[in-house]
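Asker: Here is the input, now give the coordinates:
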Amino acid sequence: MSIPAARHTLYDWFAATAAAHPDRPALETGGSTLTYARLAARADALAVALLDRLDGTPPRRVGLLAGRTAVAYAGYLAVLRLGATVVPLGPAFPAERNARIVRAARLDAVLSDGTAASPTPPGVPLVTRTDPELPHLPAAPLPALPAALPEDLAYLLFTSGSTGVPKGVPIQHRNVCAYLTHAVPRAAAGPGARCAQTFDLTFDPSVHDMFTTWGSGATLVVPSRDDLLAPVRFVNRHALTHWNSVPSVISLARRFRALKPDSMPTLRHSMFCGEPLTLQQAAAWHRAAPHSRLENAYGPTELTVTCTAYRLPPDPAHWPTPANGTVPIGAPYPGLQLLDHDGELCVRGAQRFPGYLDPADNTGRFLAPDGSPYDPATPLTDDHWYRTGDRVTALDASAAPAAGDGSRPLVHLGRGDQQVQVHGYRVELGEVEAALRALPGVRDAAVLPRSTPGGVELTAAYTGTPGTTADGLRAALRDRLPGYMVPATLTALHALPLNANGKTDRAALDALLPGAPDRAP
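Answerer: This is a model prediction of the structure:
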């Protein structure tokens, strides 16, 4: 698929719209509104501040340590404006995790909005600007800078790693532009549309929210943390037309009995991603937002936000009925190819990332162009297949009619490894186990996922020395891991159950831990 003229970088999608609609509202956050022209000016001012801090040397990679503030969004654009790579850091992440990302990414600077819960990582130049300061930053023209190229990195995200170390996932401008070329018209936003931005910047669906909005002339409306606990009220107070979130938001709203029939009449487009979307969840949202298209999207960070999607028919009577009760994940986007490798979904094409920041992480994650195992000693090419680790199958003919071309949408069947989704965030159980084993007093540990009404949460068991307490371990984990990776329960055992091969028997362990699911006798 060709990329539209003048949109060869991520910033181009914003710049083209700012030139066409300078006076339209681009961003609403923290009770204030910025037009496209003002947001562009704020981004330029922050870009100048970064250059000044670096004595005029354009940065290569900049960490963005910012939350749901105007500085966060203007700062994202400022880094792109400089032709640099955006590396989001978590304001609520432990200081050591952010410091580890700073070191791994080799950042040239960090731009902060001053809201981080932990100290700024040391050893890197820091620029801090707050929202009250933002309108008063001096306006100064940016010097001529080399333009970013399609092969340059637009952003770099860090995901959970099975070895206990986060993995860097670099996304090139050409990857994200290929995605937006499809996603912007599919979202059908445009001037007058009002789009929610529910995801943190460390989670790549935020890229969809920002740039399908700014690539079309719509308004990005940013909720507070409290707003996310009451999505229906947030939608109605701000007359939102477009919604994108993890499906567990539906479960939360159902628990509070908020999804009453036609309770969100302004919504026109609703997309869910990051977790399996059940048919029950979809039906509840459809009743509450009957005028909204309802779409389920799928894709790991390595394939640039999402790579497949399925749009449910307007009439629930025509919805498919997969045996596992989930909405299909659909068909691949243009420019992508799929390969079924013994039931595992493998993908290549315009949205596939160029390989992990640490090439050692590429081992076992790719297939050669002919489908054979990838030799890590050889260079990666665009023809190599990325192994998603997800098991899929075509929707059974009895569950729904085939598409016009005879193809059938894909259904997600789960993982073939120990990776899970917690509130949309990818978590390798091995990383949490490694963090537990590294704590004083812990000899061994195992972590399991549990389904709850609010989504998946983690539970863990450990063996340790006398005096090691669950509360103490949980407090220590909060200093090392993001909150969504800290197990909700920690249970001390004399020994972890083992199977005949001497490995942890996870089924037996599941039965021992609190909240074990009921089983037939």
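Asker: Spell out the residue ranges of the strands in the stretch 151-300 of the chain.
Answerer: Taking DSSP state E, counting those that start in this stretch as the test, the strands found in the stretch 151-300 of the chain are 153-159, 167-172, 194-196, 219-221, 242-245, 269-272, 293-298.
Asker: Any chance of a markdown table for the ones you listed, columns mean pLDDT and distance to residue 436?
Answerer: Backbone N, C-alpha and C define where each C-beta goes, glycine included. Formatted as a markdown table, the strands of the stretch 151-300 of the chain follow (pLDDT from 0 to 100; distance: least, Cβ to Cβ, whole Å):
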| stretch | mean pLDDT | distance to residue 436 |
| --- | --- | --- |
| strand 153-159 | 96 | 19 |
| strand 167-172 | 97 | 19 |
| strand 194-196 | 98 | 35 |
| strand 219-221 | 98 | 38 |
| strand 242-245 | 97 | 30 |
| strand 269-272 | 98 | 31 |
| strand 293-298 | 98 | 30 |
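Asker: I'd like those written out as TSV, with mean neighbour count added.
Answerer: Output for the strands of the stretch 151-300 of the chain, formatted as TSV (neighbours: other Cβ atoms under 10 Å):
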stretch	mean neighbour count
strand 153-159	23
strand 167-172	23
strand 194-196	23
strand 219-221	25
strand 242-245	26
strand 269-272	25
strand 293-298	24
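Asker: what's the host helix or strand of residue 34 in contact with?
Answerer: Element membership of residue 34 [criterion: DSSP states H and E] is strand 32-35. For strand 32-35, the surrounding residues in contact (Cβ atoms under 8 Å, 6 or more residues apart in numbering) are 22, 23, 24, 25, 26, 27, 28, 42, 70, 74, 131.
Asker: Now, those that are in helices?
Answerer: Of the positions in the contacts of strand 32-35, 42, 70, 74 sit in helices, assigned by DSSP state H.
Asker: ok, the second one - how many residues close by?
Answerer: Neighbours of residue 70 under the rule other Cβ atoms under 10 Å: 26.
Asker: rewinding a little: ranking by neighbours, what's the top pick from the contacts of strand 32-35?
Answerer: Counting by other Cβ under 10 Å, top hit in the contacts of strand 32-35: residue 74 with 30 neighbours.
Asker: I'd assumed residue 59 was in contact with residue 110.
Answerer: No. Counting by Cβ atoms under 8 Å, residue 110 does not reach residue 59; the two are 10.1 Å apart.
Asker: out of the two, which sits in the busier spot?
Answerer: The residue with more neighbours, out of residue 110 and residue 59, is residue 110; 24 against 21, by other Cβ under 10 Å.
Asker: and that one, that's in a helix?
Answerer: No. Using DSSP: H, G, I helix; E, B strand; the rest coil, the assignment for residue 110 is strand, not a helix.
Asker: show me the contacts for the residue sitting nearest the centre point of the chain.
Answerer: What sits nearest the mean C-alpha location of the chain, by Cα atoms, centre = their mean, is residue 203, with 2.9 Å. Residues near residue 203 by Cβ under 8 Å, 6+ apart: 157, 274, 424, 425.
Asker: Test for you: state the pLDDT assigned to it.
Answerer: Note for residue 203: predicted pLDDT of 93.
Asker: which parts of stretch 84-96 are buried?
Answerer: Residues of stretch 84-96 classed as buried under the neighbour-count rule (16 or more other Cβ atoms under 10 Å) are 84, 85, 86, 87, 88, 89, 90, 91, 92, 93, 94, 95.
Asker: can you check stretch 36-49 too?
Answerer: For stretch 36-49, burial by neighbour count (16+ other Cβ under 10 Å) applies to 36, 38-49.
Asker: circling back to that earlier point, quick one: which of the buried residues of stretch 84-96 sit in strands?
Answerer: When the buried residues of stretch 84-96 are checked against strands (DSSP state E), the matches are 85, 86, 87, 88, 89.
Asker: Low-confidence bits of the protein, can you list those?
Answerer: 1-6, 162-164, 400-406, 453-454, 500-503, 515-521 (pLDDT under 70).
Asker: Would you mind giving the domain segments of it?
Answerer: Per automatic domain parsing, the structural domains of the chain span 1-173, 331-417, 422-512.
Asker: ranking these by burial, who's on top?
Answerer: domain 1-173 (a mean of 19; mean count of other Cβ atoms under 10 Å).
Asker: Show me how far that domain is from its chain's centre.
Answerer: Remark: domain 1-173 is offset 17 Å from the chain centroid, using Cα atoms, centre = their mean, to the nearest Å.
Asker: Please apply the same query to stretch 416-424.
Answerer: From the chain centre to the centre of stretch 416-424 is a distance of 13 Å (Cα atoms, centre = their mean).
Asker: contacting residues around residue 477?
Answerer: By Cβ under 8 Å, 6+ apart, the contact set of residue 477 is 432, 435, 436, 439, 485, 486, 487.
Asker: For the stretch 251-400 of the chain, just list every one of the helices.
Answerer: 279-288 (DSSP state H, counting those that start in this stretch).
Asker: Point out the other helices and strands that the helix or strand where residue 459 lies packs with.
Answerer: Element membership for residue 459, per DSSP H and E: strand 455-464. Judged by 3 or more Cβ pairs under 8 Å, 6 or more residues apart in numbering; DSSP states H and E, strand 455-464 is in contact with helix 248-255, strand 419-422, helix 429-437, strand 442-452, strand 489-492.
Asker: Quick one: work out the angle between it and strand 442-452.
Answerer: Per axes from the mean of the first three to the mean of the last three Cα atoms, to 10 degrees, the angle that strand 455-464 makes with strand 442-452 is 160 degrees.
Asker: Strand 455-464: how far from the chain's middle?
Answerer: Put simply, strand 455-464 sits 23 Å off its chain's centre (Cα atoms, centre = their mean).
Asker: now swap in stretch 307-317 and tell me
Answerer: Using Cα atoms, centre = their mean, the offset of stretch 307-317 from its chain centre is 22 Å.
Asker: still on that earlier bit, show me which of the ones in strands among the buried residues of stretch 84-96 is closest to residue 371.
Answerer: Minimum distance to residue 371 across these is 32.0 Å, recorded for residue 85 (Cβ to Cβ).
Asker: give the contact list for the closest one.
Answerer: Residue 85 neighbours (Cβ under 8 Å, 6+ apart): 60, 61, 62, 79, 152, 153, 154, 155, 156, 170.
Asker: repeat that for 6 Å
Answerer: 61, 153, 156 (Cβ atoms under 6 Å, 6 or more residues apart in numbering).
Asker: now the first one, which residues is it bridged with?
Answerer: Applying DSSP bridges to residue 61 yields these beta-bridge partners: residue 85.
Asker: Check the contact between it and residue 107; I expect there is one.
Answerer: Yes. Counting by Cβ atoms under 6 Å, residue 61 touches residue 107, with 5.2 Å between them.
Asker: and residue 64, what element?
Answerer: Per DSSP H and E, residue 64 falls inside strand 61-65.
Asker: and that strand, what other elements does it pack with?
Answerer: Under the contact criterion of 3 or more Cβ pairs under 6 Å, 6 or more residues apart in numbering; DSSP states H and E, strand 61-65 touches strand 85-89, strand 109-112.
Asker: Not counting it itself, show me its contacts.
Answerer: Residues outside strand 61-65 that contact it (Cβ under 6 Å, 6+ apart) are 75, 79, 84-89, 105, 107-112, 116.
Asker: Quick one: closest of the strands of the stretch 151-300 of the chain to residue 136.
Answerer: Of all the strands of the stretch 151-300 of the chain, it is strand 219-221 that lies closest to residue 136, at 22.7 Å by Cβ to Cβ.
Asker: Direction included, what does the closest one pair against?
Answerer: Each strand that pairs with strand 219-221, with its direction, by DSSP bridges: strand 25-29 (parallel), strand 194-196 (parallel).
Asker: So what touches that strand?
Answerer: Counting by Cβ under 6 Å, 6+ apart, 25, 27, 28, 194, 195, 196, 197, 213, 238 sit against strand 219-221.
Asker: swap the cut-off to 10 Å and go again
Answerer: 24-29, 33-36, 39, 73, 189, 191-198, 209-214, 227, 234-235, 237-242 (Cβ atoms under 10 Å, 6 or more residues apart in numbering).
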